[in-house]
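[1] Build me a model:
(2 chains)
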There are 2 protein chains.
Amino acid sequence: MLIALPKLPLPSPESITRALLELGRALGDSKVLTGDACENYARDESEATGLVPAAVVLAANAEDVRRTLEIAESTGVAVTPRAGGTGRTGGAVPVVGGIVLATDAMKQVKEINAKDLLAVVEPGIVTGDFHAMVEREGFFYPPDPNSLGSCCIGGNVAENAGGPRAFKYGVTREYVLGLEAVLMGGRVLRTGKRTVKGVTGYDVTSLLVGSEGTLGVFTEITLRLVPKPPEVATVLALFDDVRHAGAAVSALVARGLVPRCLEMLDSATLDAVRAQKVAIDPRAHAMLLIEVDGEAATIATLLEQIADVLGRGEGLIDLLAAQDPSQRARLWEARRMLSPATRKLAKYKLSEDIVVPRSRIAELLDGVDEIGARTKVRYLTYGHAGDGNFHVNFLWNDEAERVAVDQSIEALMRLTISLGGTLSGEHGIGLAKAAYMPLEQSEDLMALQRDIKRVFDPKQLLNPGKIFPVRPGHGAC
Amino acid sequence: MLIALPKLPLPSPESITRALLELGRALGDSKVLTGDACENYARDESEATGLVPAAVVLAANAEDVRRTLEIAESTGVAVTPRAGGTGRTGGAVPVVGGIVLATDAMKQVKEINAKDLLAVVEPGIVTGDFHAMVEREGFFYPPDPNSLGSCCIGGNVAENAGGPRAFKYGVTREYVLGLEAVLMGGRVLRTGKRTVKGVTGYDVTSLLVGSEGTLGVFTEITLRLVPKPPEVATVLALFDDVRHAGAAVSALVARGLVPRCLEMLDSATLDAVRAQKVAIDPRAHAMLLIEVDGEAATIATLLEQIADVLGRGEGLIDLLAAQDPSQRARLWEARRMLSPATRKLAKYKLSEDIVVPRSRIAELLDGVDEIGARTKVRYLTYGHAGDGNFHVNFLWNDEAERVAVDQSIEALMRLTISLGGTLSGEHGIGLAKAAYMPLEQSEDLMALQRDIKRVFDPKQLLNPGKIFPVRPGHGAC
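    Below is the predicted model of the structure:
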């Protein structure tokens, strides 16, 4: 286990027994897994392993969710909500066992409204499936987390997921118009609107987006769509050095150019991809992957401007552009291979997700080098450079290195905050980064958020142990 | 007084005396107005008149704000925050007198950061002044409420202000990266980030934006900027009938075109403007004002596409386009004259601010006609048609008509909700619409928001009586 679980009181055996009995009665036994069948629900795609839950509820509809949260509160058993289970910071990992409430079977797309440019979906629809569905009708749903083949919209909303296209289009929050959410205890809230504008009351919708399953469980999500961009083009730029690639990012942003993606891979990352037999010019020590979309005329102009900016800068080795889908896919190959490539590099890997202001990218890259030189931990860096959002991966094989890894991560977090950045751009805090929250947020701000959490979940039973560092004797958040 | 004040307990004379004494000591008498000088602070630009406050604090800095909120809580005196005082729903109107905390003297622009595309400002900077300042440096701050010549950024953030350009660029919330806010009692919170991405903790920033001065007082605002669009063009389209103009709006949206503004004026509105000696083709019974921005090539394409869509529809009488600033200003003349023009039409006016999904615009216009025919109250409609956000103005001269006006407004609110719309697109709820909140939001959702309010302001002393309908015996919210 790479990430320690916070110590929280476990539900009593009696409360578990009562909860199981009531869940079986209310939902029918086919929707309630127990015993060995629960083992797969102790983990998500983070490096944290939770306690195996006593029960997993496979919710088929909003009423199942409501009944589960009603029974959980009345019996005092904690609930961990789960959609695709693909989170990277432990959001779906059950810290105290209890009940896992899985919404991935709720896959209905209730409405795609062409006139109002919106869709109404259940939380379990896979993001990539939803993309395909709306694109067939001429629309576009921009958020594109890397796991889009398996992650669900419900989890994307809970984590406020991003992805490469966030550079132009923004993150999930920008697309959530309204929510139906069930609170611990079974209260059902409908928040938000079906219109693009609306300022009635507090923005409870935005508060729920990114709340990492700690405030409520989504049963219906109203999403804004945009028209599908008619054309897309991809540009791959190779550089002799990552600092020249970083300078190119700054120059593109300063020129006011807005590609939809602006991704960077450093030298170590390119080597990892090369080891997977992807051919990349051996002179290249950094790569930018740039994608533009829009009308054909707009794209032509943008491509010219990008080539102009990159050509004026230093260290450009090669520039390839493609508009044909299969050629574009080839240019994306290095980026797509990243996850399997880095997984094979070492026995253990921890991937961070920090963001710095775009003007501080060079300082971040220097600082990461300095940390690596000091702690001797192997690392590589890639990410959504246009947003200043970098995935710094630390890699090691020997458990004895773990102390140095922890030192590296803490140093990275301190560096990030010192540069005016933030701990997480799109993965959330979950279990993985809760300990670092005090680096970024004041005690007052965390106390306020804990109080907000109590408004939604007075007994602290919904996804306990997440986001905020657990303070001994203070309950679950 | 067109809008009744909710009945709330007034601060005791003893608490007022103590508060005045402590404020004078803490801030110096020059920053604390009392007596007649407070009279102008009982009103904003809504139709509500509050109780004249016992004191007005002219805050010069964040510490003044902190001290005021500390003293107010310790003495138990309510505070109404105020920036430009240009709100349309009574957000800055003091319901129980007490203290008005004015931040319009805090006008500093602390930073305009070209590399990170952001600005850090105090709340009192006038929105139009801020526009000019960032545009001189090649940037653009899109939100453009109609009152931009006198409203302040602080108030824009409190109300989540919009404006015509919201169609392309979104509303104020989309531009607020972070806030420094002082809570009642004097706790200072720094929320948000200096990066475009960031998912650390709950989105307290978005919760504060649009909270109408009920959760905290802003002392510093970090705003996202975008590159200044190189070119702008304006198109004015005249129609024989408002329904044909509405159909044109739907057709433009369906084609996926995104002008930055898409404004509509109905027949009665055009008559009001004509009465101000603005020449408008007498055959026109509706107007669309369309503005596009971007690179010259993009604009040329967009203008062609817009002309094509409008030409295919019914009822187009004339189409004028301009790129030259002075010609563009002439095309905007009718829209600019609207406020003075409508003010002269009748002794009394109430302007609503509802939003309907774009697919329901025709039903809204029909419904408003039906309400007018039934209640015999004179009305006119204009607004941000691209967003489905309409300002329906009811006009009358005789106080006896007031009952019919109230019936018209309630019918409009019910119609809006029945069409899937929302009570306010950009003006907020304030005092003017609090009574209608239960039409849109459930008791559970309002109760949750009242509980959130208590987290920020346990004694219910910050801007009491706003947003939520006051329930006798339940305190200030």
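
[2] List the residues that contact the closest residue to chain B within the stretch 251-400 of chain A.
    Nearest to chain B in the stretch 251-400 of chain A, going by CB to the nearest CB, is residue A:256, at a distance of 2.9 Å. Placement of C-beta: from N, CA and C, glycine included. Residue A:256 makes contact with B:138, B:226, B:227, B:228, according to CB atoms under 8 Å, 6 or more residues apart in numbering or on different chains.

[3] before we move on, what about residue A:140?
    Applying CB under 8 Å, 6+ apart, the residues near residue A:140 are A:134, A:225, A:226, A:227, A:228, A:229.

[4] try it again with 10 Å
    A:117, A:131, A:134, A:165, A:169, A:225, A:226, A:227, A:228, A:229, A:293, B:256 (CB atoms under 10 Å, 6 or more residues apart in numbering or on different chains).

[5] Kindly report the same for residue A:469.
    So residue A:469 contacts A:6, A:429, A:433, A:434, A:435, A:436, A:437, A:438, A:446, A:477 (CB under 10 Å, 6+ apart).

[6] Next: residue A:228.
    A:134, A:135, A:136, A:137, A:138, A:139, A:140, A:141, A:293, B:256 are the contacts of residue A:228 under CB under 10 Å, 6+ apart.

[7] Dump the residues you listed into a markdown table; add distance to residue B:16 as well.
    Shown next, in a markdown table, are the contacts of residue A:228 (distance: CB to CB, whole Å):
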| residue | distance to residue B:16 |
| --- | --- |
| A:134 | 58 |
| A:135 | 63 |
| A:136 | 65 |
| A:137 | 62 |
| A:138 | 62 |
| A:139 | 58 |
| A:140 | 57 |
| A:141 | 55 |
| A:293 | 60 |
| B:256 | 58 |
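
[8] What residues sit buried inside the helix or strand bottoming out on mean pLDDT in chain A?
    In chain A, the helix or strand scored least confidently by mean pLDDT, DSSP states H and E is helix A:338-343, which has a mean of 84. Residues A:338, A:341, A:342 are the ones in helix A:338-343 that count as buried (16 or more other CB atoms under 10 Å in any protein chain shown).

[9] Report the distance from that helix to the chain centre.
    17 Å (CA atoms, centre = their mean, to the nearest Å).

[10] tell me the mean pLDDT for the helix or strand hosting residue A:65?
    Residue A:65 is part of helix A:62-75 when elements are defined by DSSP states H and E. Averaging pLDDT along helix A:62-75 yields 98.

[11] Report whether that helix contacts chain B.
    No - counting by CB under 10 Å from any CB of the partner chain, chain B has no neighbours in helix A:62-75; the shortest distance is 12.4 Å.

[12] which parts of that helix are buried?
    Going by 16+ other CB under 10 Å, helix A:62-75 has these buried residues: A:62, A:64, A:65, A:66, A:67, A:68, A:69, A:70, A:71, A:72, A:73, A:75.

[13] what does stretch A:10-25 give?
    A:10, A:11, A:15, A:16, A:18, A:19, A:20, A:22, A:23.

[14] quick one: the fourth one and residue A:77 touch, right?
    Same thing as residue A:16. Yes - with contact defined as CB atoms under 10 Å, residue A:16 and residue A:77 form a contacting pair (6.1 Å).

[15] okay, and the common contacts of those two?
    Joint contacts of residue A:16 and residue A:77 (CB under 10 Å, 6+ apart) are A:10, A:53, A:54, A:55, A:97, A:98, A:99.

[16] May I ask which of those residues has the most neighbours?
    Greatest neighbour count in these, by other CB atoms under 10 Å in any protein chain shown, goes to residue A:99: 30 neighbours.

[17] pretty sure it is touching residue A:27, no?
    No - using CB under 10 Å as the test, residue A:99 is too far from residue A:27 to be in contact (11.3 Å).

[18] Overlap in contacts, those two.
    Contacts common to residue A:99 and residue A:27, judged by CB under 10 Å, 6+ apart, are A:57, A:68, A:71.

[19] The second one and residue A:58: what is the separation?
    Using CB to CB, to the nearest Å, we find residue A:68 at a distance of 10 Å from residue A:58.

[20] shared neighbours, the two?
    Shared contacts of residue A:68 and residue A:58 (CB under 10 Å, 6+ apart): A:27, A:31, A:32, A:101.

[21] show me what contacts the one residue in the stretch 51-200 of chain A that gets nearest to chain B?
    Closest residue of the stretch 51-200 of chain A to chain B, CB to the nearest CB: residue A:115 (3.4 Å). Applying CB under 10 Å, 6+ apart to residue A:115 gives the contacts B:250, B:253, B:254, B:357, B:358, B:359, B:360, B:361.

[22] Over to it. Which of the three states is it?
    Look at residue A:115: counting by DSSP: H, G, I helix; E, B strand; the rest coil, its state is coil.

[23] which residues of chain A score low on pLDDT?
    A:1, A:475-477 (pLDDT under 70).

[24] Give me the distance between the most centrally placed residue in chain A and chain B.
    Taking CA atoms, centre = their mean, the centroid of chain A lies closest to residue A:427, which sits 3.3 Å from it. Separation of residue A:427 from chain B (CB to the nearest CB, to the nearest Å): 7 Å.

[25] Give me the buried positions along stretch A:241-261.
    Buried residues in stretch A:241-261, counted by 16+ other CB under 10 Å: A:241-254, A:256-261.

[26] For it, list the C-alpha coordinates in PDB.
    The C-alpha coordinates for stretch A:241-261 follow below in PDB (Å, rounded to 0.1, in the frame of the first residue of the first chain):
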ATOM      1  CA  ASP A 241      15.400  20.700 -24.700                       C
ATOM      2  CA  VAL A 242      12.400  20.900 -22.400                       C
ATOM      3  CA  ARG A 243      13.100  24.500 -21.500                       C
ATOM      4  CA  HIS A 244      12.800  25.500 -25.200                       C
ATOM      5  CA  ALA A 245       9.500  23.600 -25.300                       C
ATOM      6  CA  GLY A 246       8.400  25.500 -22.200                       C
ATOM      7  CA  ALA A 247       9.400  28.800 -23.800                       C
ATOM      8  CA  ALA A 248       7.400  27.900 -26.900                       C
ATOM      9  CA  VAL A 249       4.300  27.300 -24.700                       C
ATOM     10  CA  SER A 250       4.700  30.800 -23.100                       C
ATOM     11  CA  ALA A 251       5.200  32.300 -26.500                       C
ATOM     12  CA  LEU A 252       2.000  30.700 -27.900                       C
ATOM     13  CA  VAL A 253       0.000  31.800 -24.900                       C
ATOM     14  CA  ALA A 254       1.500  35.300 -25.100                       C
ATOM     15  CA  ARG A 255       0.500  35.600 -28.800                       C
ATOM     16  CA  GLY A 256      -3.100  34.900 -27.700                       C
ATOM     17  CA  LEU A 257      -3.400  31.600 -29.600                       C
ATOM     18  CA  VAL A 258      -5.800  29.100 -28.200                       C
ATOM     19  CA  PRO A 259      -5.300  25.600 -29.500                       C
ATOM     20  CA  ARG A 260      -7.600  23.100 -27.900                       C
ATOM     21  CA  CYS A 261      -4.700  21.100 -26.600                       C
END
